[in-house]
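Visitor: One predicted model, sequence on top.
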Amino acid sequence: MKILIIVRKLTQGGVQQQTVSFARAAVAQGIQTHVLILKSSPDELKLPENIIIHRINIREIMFSSFRGVASYLYSHILLPAICPKSKDYGTGRFLSKWFKKIFLADFERIYGKPDFIFIRAQGAFDLLNAYRCPGVCYRYVDGNPHEYRDRLPFINPVGKYLNRQTYGNADFICVSSDLAARISEIAVRSGKPGNVTVFRNFVDIEEIRRKSEDTPPIPLPEGDYIVSVGRLVETKQQHLCIRAMKHLPEELKLVIVGDGPEKKRLKKLVSELKLEDRVLFTGNASNPYPYILNAKALVHTSEKEGFGLIFLEALILNTPVVAMESIGGMRDILKGQILSNQIVPRSVGLLADKIKETISNPYQSVPDMYKHYDSKTALHELINEVLKNEQSISPQTGKN
């Protein structure tokens, strides 16, 4: 068996970590594994040596023909004026045809046909939005989907057309029931419902535990601390965690692992609240697990979370989670009486109260909370029990 995994970038992030975990699990099961990176970056995550990596230069492909240049300009100038956040659409239409006629043709000539193609996350399937191959190609939905809407939403002819072309008649694997419902709604509204399968993300439990024992590049703070892990972007709402520190004991510290455009604003807030001695920014960390392992609690304040990989990692490391209510798949992981009780409304005061309660009376993780997500068994289940059953229903027509 051979599989092709496609990702927009392989930099630090939840989707990218999942891509690496997926690829490692496949190789461990003797599957010939290929990863196609659509946009290379100097700070890419490392993949095992026995994974075959492919890279393309999108700009070079687009600007190699008049039609490609026209598609690029249409996508970047005309469409966004009518429908926001649509700049990848025209590029994706052109790139989809190139992918089928050039890349896949070369791939099949050298390696043979892939049994499965997994396009990971919206950033990647936006750039391959026209490609379809029923029973073979699956769009793996890890995060909250974007629904195209015109600047005149009551009319929305362009948005509806883009949604139909992007989401219609496609095969999706969604990592949570919430994401599956949202993808289905968009596809139904577009007029061409797709095929949606729900299947959890998975991780290498032994690898997480091993890496948690490493020495982090930025030393752990002295004394007790809580930790927040994630990109410093507006939707992650780390400012709520910082504000909660004013309601927590002075000896408790906060470690924020991650980087992003909100960093300057968050540091300013720390200064305004006079918390410089209690809040530590580590920047990006390729291995955040030592910070999670040694924390009194992992605090999560994001407004949206497609799956909530960080919750799973905290459970594996027996670090209690305190999470604010959010849109997405958090309740697929934080379920049952103990874990669901760790979710609080979006209030700084209630967040602080739950942190104090959790630190004074922490719960203990047990294998039943996370063993279902072990990559050793989950990937086998996905390929041999879920997708092969679908193949018997949906023939591999290969139609685009």
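Guide: Happy to help now that I have it. Numbers count the residues shown, from 1 in each chain.

Visitor: Following the host helix or strand of Glu313 in sequence, what is the next regular element?
Guide: Using DSSP states H and E, Glu313 sits within helix 309-316. Using DSSP H and E, the helix or strand that follows helix 309-316 in sequence is strand 321-324.

Visitor: Show me what whichever helix or strand comes after that following strand is packed up against.
Guide: The C-terminal neighbour of strand 321-324 among helices and strands, as given by DSSP H and E, is strand 327-328. Packing contacts for strand 327-328, counted by 3 or more CB pairs under 8 Å, 6 or more residues apart in numbering; DSSP states H and E, involve helix 177-190, strand 304-305. Placement of C-beta: from N, CA and C, glycine included.

Visitor: Adjacent strands (with direction) for strand 327-328?
Guide: strand 304-305 (parallel) (DSSP bridges).

Visitor: Quick one: distance of the strand it pairs with to the chain centre.
Guide: 10 Å (CA atoms, centre = their mean, to the nearest Å).

Visitor: Surely Gly135 and Asp171 touch.
Guide: Yes - shown here, Gly135 and Asp171 form a contact pair, counting by CB atoms under 8 Å, at 7.2 Å.

Visitor: do you know which of the helices and strands packed on strand 327-328 lies nearest Met1?
Guide: helix 177-190 (25.6 Å; CB to CB).

Visitor: what about that closest one, distance to the chain center?
Guide: Distance, centroid of helix 177-190 to centroid of chain: 17 Å (CA atoms, centre = their mean).

Visitor: Show me what that helix is in contact with.
Guide: Residues outside helix 177-190 that contact it (CB atoms under 8 Å, 6 or more residues apart in numbering): 141, 143-145, 147, 160, 163-164, 167-168, 170, 172, 174, 193-194, 196-198, 306-307, 327-329, 331-332.

Visitor: Enumerate the positions of that helix that are buried.
Guide: Applying a neighbour-count criterion of 16 or more other CB atoms under 10 Å, one finds 178-180, 182-184, 186-187, 189-190 buried in helix 177-190.

Visitor: closest to His247 among the residues you listed?
Guide: Using CB to CB, these come closest to His247 at Asp178, 30.1 Å.

Visitor: how close does the closest one get to Ile186?
Guide: Remark: distance between Asp178 and Ile186 (CB to CB, to the nearest Å) = 13 Å.

Visitor: swap in Ile155?
Guide: Taken as CB to CB, the span from Ile155 to Ile186 is 18 Å.

Visitor: do the same with Val141
Guide: 11 Å.

Visitor: you'd agree Leu220 is up against Pro290?
Guide: Yes - Leu220 lies in contact with Pro290 (CB under 8 Å); the separation is 7.0 Å.

Visitor: So for the two, which residue has more residues nearby?
Guide: Pro290 (22 against 18; other CB atoms under 10 Å).

Visitor: Report the contact partners of that one.
Guide: 211-216, 220.

Visitor: Apply 6 Å and report the result again.
Guide: 212, 214, 216 (CB atoms under 6 Å, 6 or more residues apart in numbering).

Visitor: Is it within a helix or a strand, and which one?
Guide: Pro290 belongs to helix 289-293, assigned by DSSP H and E.

Visitor: Which single one of the contacts of Pro290 is nearest to Val344?
Guide: Ser212 (25.9 Å).

Visitor: Kindly state the pLDDT recorded for the closest one?
Guide: On pLDDT, Ser212 comes in at 96.

Visitor: just Asn129 next, same as before
Guide: pLDDT at Asn129 comes out at 92.

Visitor: Quick check: it vs Gly90, distance?
Guide: Counting by CB to CB, the gap from Asn129 to Gly90 is 10 Å.

Visitor: Perfect, I'm done here.
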